[in-house]
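Engineer: quick one, structure for this:
(4 chains)
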Number of protein chains: 2
Amino acid sequence: MELHEPELREVPVTAVLGALADDVRLQIVRALAEGGEYACGSFEFGVSKATRSHHLKVLREAGLTRTRAAGTSRYVRLRRDELDRLYPGLLDAVLTRSAAPGERV
Amino acid sequence: MELHEPELREVPVTAVLGALADDVRLQIVRALAEGGEYACGSFEFGVSKATRSHHLKVLREAGLTRTRAAGTSRYVRLRRDELDRLYPGLLDAVLTRSAAPGERV
DNA sequence: GAGCTTGTTCGATTTTTGTCGAACAAGGGT
DNA sequence: ACCCTTGTTCGACAAAAATCGAACAAGCTC
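Structural biologist: Okay, the predicted model is just below:
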């Protein structure tokens, strides 16, 4: 299966930002930011499983997540430490603003 | 001409990130981050002026820049204060990593 | 006013991206 | 062995985005 998980520093900034620039993926990242591992199937954001698989792949190949296979499931987690080291403030900035626009901050 | 400059808080996070998730626009933002105003024409990043105009529009409508018209020129500047207030760390995180990937950090 | 400069807007084209259903692969249970 | 569960991959398609040249608009300058 060859889980392609690049070194974060090898990933162009635009790819990291592009991975975050999507509603579905942002919801996934927000869920992952709670910490711990989540089975792929635990993400129910109104898209088909093919689409969900696609988004998880984008996140993984942008260096944002790691994936571990166990049985028929796969467990995904955020590469938060690396992210925070290479992009200090990025995740926090994005996550605290992840709500729908319009509300007061 | 109606320069459409939205309130930053009204702009979806994905739009802000999407605006930054492009090489040309990231170069523009890096230039703008030096501070001060720049005429649109001062950005020479290997694209036609139509394309450059397009990218500046994307940045403006994502709430990242303000544009002031003076004579036949337009002067663009980064809305850094607002950005830093609403997305603390975002700009810094992105700009310090704006170099081509591959180098040591 | 004619002509130049600076930008924007308008198609048109190409590329990228999001989406899905269907087919497939791999593991676990009975 | 068979089936069910969990995910991925494979077309296909639609929508969005990047790009350009050409036409246009608005200020200058002479």
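Engineer: how much space separates the residue positioned nearest the centre of chain A from A:Asp22?
Structural biologist: Centroid-nearest residue in chain A: A:Val29, 4.1 Å away (criterion: C-alpha atoms, centre = their mean). Distance, A:Val29 to A:Asp22, using C-beta to C-beta, to the nearest Å: 10 Å. C-beta here means a position set from N, CA and C on the backbone, and glycine is covered the same way.
Engineer: hmm, A:Leu78 is touching A:Glu34, no?
Structural biologist: No: A:Leu78 is beyond contact range of A:Glu34, at 9.1 Å (criterion: C-beta atoms under 8 Å).
Engineer: who has more neighbours, these two?
Structural biologist: A:Leu78 (23 against 8; other C-beta atoms under 10 Å in any protein chain shown).
Engineer: check contacts around the nearest residue to that one once chain neighbours are set aside.
Structural biologist: In space, and not counting its chain neighbours, A:Leu78 is closest to A:Leu32: 4.1 Å by C-beta to C-beta, 6 or more residues apart in numbering or on different chains. By C-beta atoms under 8 Å, 6 or more residues apart in numbering or on different chains, the residues touching A:Leu32 are A:38, A:65, A:76-78.
Engineer: which of those residues are buried, as a ChimeraX select command?
Structural biologist: In ChimeraX syntax, the buried subset of these is picked out as below (16 or more other C-beta atoms under 10 Å in any protein chain shown):
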select /A:38,65,76,78
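Engineer: and of the contacts of A:Leu32, the nearest to chain B?
Structural biologist: The closest of those to chain B turns out to be A:Leu78 (C-beta to the nearest C-beta; 15.5 Å).
Engineer: how about the closest one, phi and psi?
Structural biologist: Note on A:Leu78: its backbone torsions stand at phi -80, psi 140 [degrees, to the nearest 10].
Engineer: any idea how far it is from DNA strand C?
Structural biologist: Distance, A:Leu78 to DNA strand C, by C-beta to the nearest atom of the strand, to the nearest Å: 18 Å.
Engineer: nearest residue to the residue of chain A found nearest DNA strand D in space, please, no chain neighbours.
Structural biologist: Minimum separation of chain A from DNA strand D (C-beta to the nearest atom of the strand) falls at A:Gly41, amounting to 2.3 Å. Excluding the flanking residues, the one nearest A:Gly41 by C-beta to C-beta, 6+ apart is A:Ser73, at 7.1 Å.
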